[in-house]
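Colleague: Whatever this is, show me its structure:
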Amino acid sequence: MALQFTKIISRRPAHLAKHYALTNGALTKTTSAQLWQGTLEVMEVNDLTEFGQVISGLKTSEALVFGVPVNRRATRIVTGRALGAAKHGDDVIARTNDHFDWPSGAGIMMLDHDPDEDQEPLDRDALVAALRTAVPGLRQAEMLWVPSSSSHICEVATGRDLTGLRGQRLYLVVKCAQDIPRAGRAIFDRLWEKGHGYMKLTRDGRLLPRTIVDSCVWQPIRLDFAAGASVGPGLVQRRGHPVLIEKET
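Modeller: Down below sits the predicted model:
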């Protein structure tokens, strides 16, 4: 069963990643998440093990989306504004909803555990247990686990882990990628029913429903910065390799 998704290779900016540096002994972070110009490649893997190998090989100039371009001739990507402002060849598209869709067959669904700064992240076992308790069908699904790009930024000289485990990703195989938005809403609702929901107060005073996985990621154009972080001198990221979580017996 071939699983399709798209790799984005950024040309501008040079990195699609968070950057960590030591500044006067303190850890600082900057984020470069806005894609202006790049190329794209539709990829296929057979299972989550192969997908984990793709993640391990990503560079910080590369990110993934779990949709595919509607125009399968597309090899270059720009912003929607740039596409509308000038004439381009038929191999150029924008990262907008009218240029991407879910694969017509099987695909990969991402679950993003990205707790707020004042919340303690769940560890891997607790996250998987919470999901499988809320959604029993996930007990018979393999998952691929990967720490987020903010996790395990370490100081080379001392070996100290300066960030620890922050957010996490879980990836699932779905037989019908077109069903990902509906499945995501169902998982979100079940987590709320099992007591994993809360209301977040935004800066503009709104209350928004949240749970232990981000409900905003189930879009075919959503970038997954799966490569990890860019780090400055004296730092290294030690996320380890992706971990395959087996079905329950």
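
Colleague: Every contact and neighbour count from this point should use C-alpha atoms.
Modeller: Will do.

Colleague: how much space is there between F66 and V174?
Modeller: 11 Å (Cα to Cα, to the nearest Å).

Colleague: More neighbours: which of these two?
Modeller: Neighbour count, other Cα atoms under 10 Å: between F66 and V174, F66 has more, with 29 against 17.

Colleague: Kindly state the pLDDT recorded for the most centrally placed residue in the chain?
Modeller: By Cα atoms, centre = their mean, the chain has its centre lying nearest to D224, at 3.1 Å. Note on D224: pLDDT of 96.

Colleague: contact partners of stretch 71-89?
Modeller: Outside of stretch 71-89, the residues within contact range by Cα atoms under 8 Å, 6 or more residues apart in numbering are 35-41, 90-96, 99.

Colleague: please redo it, this time with the cut-off set to 6 Å
Modeller: Contact partners of stretch 71-89, identified using Cα atoms under 6 Å, 6 or more residues apart in numbering, comprise 36-40, 91-94.

Colleague: can you tell me the average pLDDT over it?
Modeller: 90.

Colleague: end-to-end on that stretch?
Modeller: 12 Å.

Colleague: Next: stretch 149-162.
Modeller: This stretch, stretch 149-162, spans 13 Å end to end (Cα to Cα).

Colleague: Neighbour-wise, give me the winner out of the contacts of stretch 71-89.
Modeller: That'd be I93 among the contacts of stretch 71-89, by other Cα under 10 Å, with 26 neighbours.

Colleague: Would you reformat the contacts of stretch 71-89 as CSV and include distance to M199?
Modeller: Formatted as CSV, the contacts of stretch 71-89 follow (distance: Cα to Cα, whole Å):
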residue, distance to M199
W36, 33
Q37, 36
G38, 37
T39, 38
L40, 37
D91, 43
V92, 40
I93, 37
A94, 34
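
Colleague: what would the residues you listed look like in CSV with secondary structure and distance to T163?
Modeller: Output for the contacts of stretch 71-89, formatted as CSV (DSSP: H, G, I helix; E, B strand; the rest coil; distance: Cα to Cα, whole Å):
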residue, secondary structure, distance to T163
W36, coil, 29
Q37, strand, 31
G38, strand, 30
T39, strand, 32
L40, strand, 31
D91, coil, 41
V92, strand, 39
I93, strand, 37
A94, strand, 34
